[in-house]
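Asks: need coordinates for the following:
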Amino acid sequence: MPPRFDSLRCLAPLGRFLAVTSLLFVTSVAHASEWRERPEWGRFFSAAGVTGTIAVDDRRSGERSVWNPGRAATRFLPASTFKIPHALFALEAGIVRDEFQVFRWDGKPREIASWNRDHDLRSSMRNSVVWVYQDFARQLGDERERREMARIGYGNADTSGGVERFWLDGGLRISPYEQIDFLARLYRNELPYAREHQRLVKDILIVEAGRDWILRAKTGWAARVQVAHGWWVGWVEHPAGPVFFALNIEMPNGSADAPKREAIAREVLRAAGALPSKP
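Replies: Next comes the predicted model:
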């Protein structure tokens with residue numbers, strides 16, 4: 001068993017919330033100057049035939065590196081990467097009791113076969129089951145969704161487009177730099193939520209582990225927009241510290257481009273020494 005490293009009250013007017021999140025975005029853009037551009041990483045995107053960006057914040061060395069910094073500072077729909085904060089919101093609200101609670105499938109067939117069954121929090125994250133999180137959204141409601149996002153400074157905290165759609169094809173936007181800022185706070189249990197809820201969400205994000213490292217990550221795919229794009233965000237934990245990353249690519253070929261998200265990020269993380277080399 002590999003070692004595991006641990007990584008509402010807000011009553012101000014909405015205008016104040018959005019002012020705070022705007023300030024966070026400006027700060028994020030300003031911090032772009034602190035990132036070292038890595039042109040050699042461009043070859044991984046070229047080989048895959050996609051346009052994109054990746055930001056890597058290596059807390060072992062303190063080095064912050066990026067390919068295509070302009071895109072890394074640009075906000076995009078979070079798509080299913082929003083399941084990370086969404087799970088926290090649902091846990092905090094009591095909509096989800098624990099990792100064993102079962103969410104019953106309504107019997108309506110959906111386009112992805114793995115969605116057409118009952119799920120718990122872990123399986124719904126692993127299989128990126130949209131209907132589970134849409135049910136969370138309905139129970140949370142528009143006002144609380146917006147309030148929670150403003151509370152943690154998540155992107156532009158915009159819920160326009162409908163309470164069941166705002167993170168999929170509505171108004172919510174977040175940049176790769178902001179994704180890393182959010183993940184770093186989750187890693188340190190510094191979000192304004194119960195520590196046990198943050199630890200549970202981190203646990204269900206585990207993708208892979210070695211003897212002395214753990215990879216936690218989440219994909220995302222904004223498919224119903226003019227220029228489809230995809231994400232892979234997360235971090236690799238090492239005894240010497242975590243390595244956070246956020247990849248965003250255009251996906252003009254839809255599902256044919258989906259595997260490229262993880263493939264490109266893994267190449268970059270191997271180049272950065274965050275993941276072991278291929279055998």
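
Asks: make it CA atoms for all contacts and neighbour counts henceforth
Replies: OK.

Asks: Ser65 bridge partners, please.
Replies: Arg36, Val56 (DSSP bridges).

Asks: number of nearby residues for it?
Replies: 21 (other CA atoms under 10 Å).

Asks: quick one: it and Arg36 touch, right?
Replies: Yes - here Ser65 lies in contact with Arg36, judged by CA atoms under 8 Å, at a distance of 4.6 Å.

Asks: residues contacting Arg224?
Replies: For Arg224, the contact set (CA atoms under 8 Å, 6 or more residues apart in numbering) comprises 168-169.

Asks: can you check Val227 too?
Replies: 250-252.

Asks: same thing but at 7 Å, please
Replies: Contact partners of Val227, counting by CA atoms under 7 Å, 6 or more residues apart in numbering, are 250, 252.

Asks: also Phe103?
Replies: Counted by CA under 7 Å, 6+ apart, Phe103 has contacts 118-120.

Asks: recalculate using a threshold of 8 Å.
Replies: Going by CA under 8 Å, 6+ apart, the list of residues near Phe103 reads 118-120, 132.

Asks: from those residues, which is closest to Arg216?
Replies: Closest to Arg216 out of the contacts of Phe103 is Asp120 (18.2 Å), distances taken as CA to CA.

Asks: so what's the residue count around the closest one?
Replies: Neighbour tally, Asp120, other CA under 10 Å: 17.

Asks: name the nearest residue to it, sequence neighbours excluded.
Replies: Once flanking residues are discounted, Asp120 sits nearest to Val102: 4.7 Å by CA to CA, 6 or more residues apart in numbering.

Asks: residue ranges with poor pLDDT in this structure?
Replies: By pLDDT under 70, the weakly predicted segments of the chain are 1-33.

Asks: helices of that one, start to end?
Replies: Taking DSSP state H, the helices of the chain run over residues 14-30, 42-48, 69-72, 83-93, 121-126, 130-152, 176-187, 195-204, 258-271.

Asks: quick one: those helices as CSV, columns for mean neighbour count and distance to Gly170 too.
Replies: Below are these laid out as CSV (neighbours: other CA atoms under 10 Å; distance: least, CA to CA, whole Å):
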stretch, mean neighbour count, distance to Gly170
helix 14-30, 16, 17
helix 42-48, 15, 27
helix 69-72, 20, 20
helix 83-93, 21, 15
helix 121-126, 20, 21
helix 130-152, 19, 13
helix 176-187, 22, 18
helix 195-204, 18, 24
helix 258-271, 19, 21
